[in-house]
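In: Need a 3D model of the sequence below.
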Amino acid sequence: MSDRIVLFDLGNVVVDWQPIRLYRKFFGTEEDAQRFVDQVCTLAWHVEHDKGVPMAENAAALKALYPQFSPEIDAWRTRWFEMFDGYVGGTDALIERLHAAGHPLYGLSNMPAEVWPETIERFPAIKRLRDVVVSGEEGVVKPDPAIYEIALARMGQPDPARVFFIDDSLRNVHAAAELGFDAHHFQGADDLEHALVSRGLL
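Out: Sure thing, here's the model as predicted:
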């Protein structure tokens with residue numbers, strides 16, 4: 001068994017998540033759907049869910065500001081999985097190859113705690129990961145160094161240099177690199193495969 005650990009972000013590395021997919025169903029034009037996710041249900045608003053704020057509580061505060069959009073705001077939780085479109089192409093196959101090679105696989109994701117159990121069931125490739133640190137369960141999000149320390153503890157306190165961390169956010173990659181992780185900016189499965197091969201992981 002390898003002493004190298006592979007640590008995956010989930011959203012837009014393993015699973016394909018785009019909120020606008022849901023809101024295209026509510027609005028007549030792409031521009032209106034994009035305006036809604038840019039100005040109402042924003043990623044800055046959503047990060048509170050990732051920090052552990054209950055989704056209903058966060059929705060209530062937003063609906064007080066935008067009562068005309070109450071159904072759309074509620075849909076963020078009630079129709080959450082309509083924001084997904086399966087796996088990011090090729091990443092699930094790489095997970096299977098890494099698993100077959102015997103590498104310890106883990107996850108570190110900014111994600112609301114309340115959607116996590118169903119996420120595992122909908123995306124079985126995630127079950128190949130021995131453990132996943134979910135920000136909503138920990139009350140802290142990437143790129144805060146504290147969540148990387150939590151991940152190291154959950155992985156058994158390896159040398160961070162032995163952990164190959166994969167994330168689509170450059171901020172998260174840079175934060176991990178500053179802590180000594182071997183950090184990779186995900187830009188597609190082909191590029192990731194090359195990085196894994198160059199490190200002798202595949």
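
In: what about the most far-flung residue of the chain relative to its centre, distance to Ala113?
Out: Relative to the mean C-alpha coordinate of the chain, counting by CA atoms, centre = their mean, the farthest residue is Gln68 (29.9 Å). Distance check for Gln68 against Ala113: by CB to CB, to the nearest Å, it reads 29 Å. Any C-beta I mention is one placed from the backbone N, CA and C, and that applies to glycine too.

In: Show the pLDDT at the residue farthest from the centre of the chain.
Out: For Gln68, the pLDDT comes out at 98.

In: show me where this protein has helices.
Out: 20-23, 30-39, 43-50, 55-65, 70-78, 91-100, 116-122, 135-138, 145-154, 170-178, 189-198 (DSSP state H).

In: so what does the third one touch, helix or strand wise?
Out: Going back to what we said before, that points to helix 43-50. For helix 43-50, the packing partners by 3 or more CB pairs under 8 Å, 6 or more residues apart in numbering; DSSP states H and E come out as helix 55-65, helix 135-138.

In: List the buried residues in the shortest one.
Out: Neighbour counts using 16 or more other CB atoms under 10 Å place 135-136, 138 of helix 135-138 among the buried residues.

In: Serialize these to JSON lines and add fields for distance to Gln18.
Out: Putting the buried residues of helix 135-138 into JSON lines (distance: CB to CB, whole Å) gives the following:
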{"residue": "Ser135", "distance to Gln18": "19"}
{"residue": "Gly136", "distance to Gln18": "19"}
{"residue": "Glu138", "distance to Gln18": "25"}
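
In: got the contact list for the closest residue in space to Glu114 that isn't next to it in sequence?
Out: Among residues not flanking Glu114 along the chain, Met55 sits closest, at 6.1 Å (CB to CB, 6 or more residues apart in numbering). Contacts for Met55 were tallied using CB atoms under 8 Å, 6 or more residues apart in numbering; they are 49, 76-77, 112, 114-115.

In: and stretch 168-185, how far from the chain's centre?
Out: Offset of stretch 168-185 from its chain centre (CA atoms, centre = their mean, to the nearest Å): 14 Å.

In: Tell me the one among the contacts of Met55 nearest to Val163.
Out: Pro112 (24.7 Å; CB to CB).
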